[in-house]
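A.B. asks: pasting the structure only:
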């Protein structure tokens, strides 16, 4: 084949573009892209015209209309009167909430299980193997339904008698609640320091990497950078805390009868909240009630797959929140028949008839001769010196138990005592006013606290739900557990394969240098295995994110579930589907972009 060369007149002969393979390839790609775009345009025009003939929306004008969709999981403020775009944003944030937490937990469990599969301990190795083989081959939908219906819907106790975990954690059929920091009054003063701390972290990280490269010795850059961030952020926090001050017109309104606390700005100074006066969120205060009474009635319950007769459950009051508490019968005659077994101080337990007279509860005494429990017995819990630290919610509200005045109960007790010629059994404490004075009424006070840049909110249980702190609902927990356990089984197999792919010569060379087994794994084997396992693990992260669309199986309001409701209400199926596709593509692209950068930095540079 003769190649083009210089002609006799000195000009170079060029290949015609229709014969140039490179040019033809570019033209072919452009033609293909044009055909795809034209096909998409034609398809969109056909779809929009068909929707128009059917009186269905084909554009996105409905996004500003009132949504009217109730959502239980709300990471940002939302009411049903808000527009559709806001409820879709909540679905997007809910998807991120379960995906980000799920990725972190699945990584930890997957790596630990993958390492355990190669352990020298036979029992640990077999447990890890069964974990992987059983859970990896069980459909994800089945696991979600199991966790939601069989585990979290039946096993935890009710909210009125939760499991108390160390650190202020509560676990019940309403989910998991735990303390959580929120921005306080001085957060804005601390925010510039955070920005400076982040800039210092990046600067020190760059400087240390240059130092390590120049020294041509191994080293880590992040400890010095992290120390710089911590010092600047800590100094800024202390400075912000010293200058913290609540707004001068901040007022706390306590309604004891309704059990509500509201923080707002009293701009006109009249002591009453008007419609134009805004609430203030995340305001800390201590609520004090000198003397109050809680009421309850015994019930026969079926919970945790057990029958529990004659049970009473007052609102949860922790022992450090009161000076004294006494449980009494509303009808003094009941005190002669029944005794009380306390399960949780001071107001959770059950009634029983002390048939053998030993003064303690024996199984079976909580039911009558016919086997039924003692249902409908009225009880009172008299509390003195109640004191609870609260942080109002984002909308400026909080709740406490609904106390009643003990005056009426005391008057009834005195009348019964006079008729019986003495004090009725079960009434040992004296409440109310001294003789000759009027009966006391509920008295309460609120002591505001000056919060720093962050205010620590702890969960409480005023009535039948959590208040304060941060909470994970059973729907969220069921979806999260299923996604984490299912995905971690795949990550475990990837990690096992990556560890086995490291050449045996690397281990032998490390041991020849005198390294221990732990040092061989941490310094030689695992770092090389990470380079192998990271690309397939990225795919598992994306799968976890997309599998979160199974949230409706656990009644979790993520993006797909909310999009389905919006599409049914508006009829805008095509625009909603487009938004759904774009949202998942955005999440996947961000995950892939960040993790591919990490993968490129960790890859071995070939000469």
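C.D. replies: Structure's in. What do you need? A quick note: this is a predicted structure, and the numbers were derived from the prediction, not measured.

A.B. asks: low-confidence ranges in the protein?
C.D. replies: For the chain, the stretches with pLDDT under 70 are 1-13, 15, 17-18, 218, 407-441, 603-607.

A.B. asks: From the centroid of it, which residue is nearest?
C.D. replies: Centroid-nearest residue in the chain: residue 472, 4.1 Å away (criterion: CA atoms, centre = their mean).

A.B. asks: Please name the residues that touch the residue found closest to it once you drop the neighbours it is linked to in the chain.
C.D. replies: Computed as CB to CB, 6 or more residues apart in numbering, the closest residue to residue 472 that is not its neighbour in sequence is residue 176, at 4.6 Å. C-beta: built from backbone N, CA, C; applies to glycine. Residues in contact with residue 176 (CB atoms under 8 Å, 6 or more residues apart in numbering) are 169, 170, 471, 472, 477.

A.B. asks: List the buried residues of stretch 558-577.
C.D. replies: Residues 558-567, 570-576 are the ones in stretch 558-577 that count as buried (16 or more other CB atoms under 10 Å).

A.B. asks: circling back to that earlier point, the residue nearest to the centre of the chain and residue 172 touch, don't they?
C.D. replies: No - contact criterion CB atoms under 8 Å: residue 472 and residue 172 do not qualify, at 11.5 Å.

A.B. asks: about what we covered before: roughly how far apart are the residue nearest to the centre of the chain and residue 156?
C.D. replies: 12 Å (CB to CB, to the nearest Å).

A.B. asks: quick one on the thing from earlier: go through the contacts of residue 176 and say which is closest to residue 255.
C.D. replies: Closest approach to residue 255 among the contacts of residue 176 (CB to CB): residue 471, at 23.7 Å.

A.B. asks: I'd like to know the beta-bridge partner residues of that closest one.
C.D. replies: Residue 471 has the following beta-bridge partners by DSSP bridges: residue 177.

A.B. asks: pretty sure it contacts residue 171?
C.D. replies: No - judged on CB under 8 Å, residue 471 makes no contact with residue 171 at a distance of 10.4 Å.

A.B. asks: Okay, helices next: where are they in the stretch 1-150 of the chain?
C.D. replies: Listed in chain order, the helices of the stretch 1-150 of the chain (DSSP state H, counting those that start in this stretch) span 21-53, 84-116, 122-136, 140-145.

A.B. asks: deepest of the ones you listed, which one?
C.D. replies: Using mean count of other CB atoms under 10 Å, the stretch among the helices of the stretch 1-150 of the chain with the greatest mean number of neighbours is helix 84-116 (a mean of 20).

A.B. asks: In helices, which of the buried residues of stretch 558-577 appear?
C.D. replies: Among the buried residues of stretch 558-577, DSSP state H puts 559-567, 570, 573-576 in helices.

A.B. asks: Just name the closest of these to residue 134, please.
C.D. replies: For these, the nearest to residue 134 is residue 560 (27.3 Å; CB to CB).

A.B. asks: I'd like to know how far that closest one sits from residue 391.
C.D. replies: Using CB to CB, one gets 33 Å for the distance from residue 560 to residue 391.

A.B. asks: Likewise for residue 451?
C.D. replies: As judged by CB to CB, residue 451 and residue 391 stand 8 Å apart.

A.B. asks: and the residue nearest to the centre of the chain, what does it touch?
C.D. replies: Contact partners of residue 472, counting by CB under 8 Å, 6+ apart, are 175, 176, 177, 480.

A.B. asks: can I get those in CSV with distance to residue 16?
C.D. replies: Below are those laid out as CSV (distance: CB to CB, whole Å):
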residue, distance to residue 16
175, 72
176, 72
177, 75
480, 63
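
A.B. asks: burial measure for residue 346, as a count.
C.D. replies: By the criterion of other CB atoms under 10 Å, residue 346 has 21 neighbours.

A.B. asks: what's around the spatially closest residue to it that is not a sequence neighbour, how many residues?
C.D. replies: With sequence-adjacent residues excluded and distances taken as CB to CB, 6+ apart, residue 346 is closest to residue 325, at 4.0 Å. Residues lying near residue 325 (other CB under 10 Å) number 20.

A.B. asks: surely residue 325 meets residue 347?
C.D. replies: Yes - if you go by CB under 8 Å, residue 325 and residue 347 touch, sitting 7.3 Å apart.

A.B. asks: can you list residues touching both of the two?
C.D. replies: 317, 381.

A.B. asks: so where do the helices sit in the stretch 301-450 of the chain?
C.D. replies: Using DSSP H, counting those that start in this stretch, the helices of the stretch 301-450 of the chain run over 332-337, 407-420.

A.B. asks: tell me which residues in stretch 379-397 are buried?
C.D. replies: Buried residues in stretch 379-397, counting neighbours by 16+ other CB under 10 Å, are found at 379-384, 386, 388-393, 396-397.

A.B. asks: Now tell me what touches stretch 486-500 from outside.
C.D. replies: With contacts defined as CB under 8 Å, 6+ apart, stretch 486-500 is touched by 102, 105-107, 109-111, 113-115, 117-118, 128, 131-132, 135-136, 138, 140, 143, 525-526, 529-530, 532-533, 536-537, 540, 543-544, 547.
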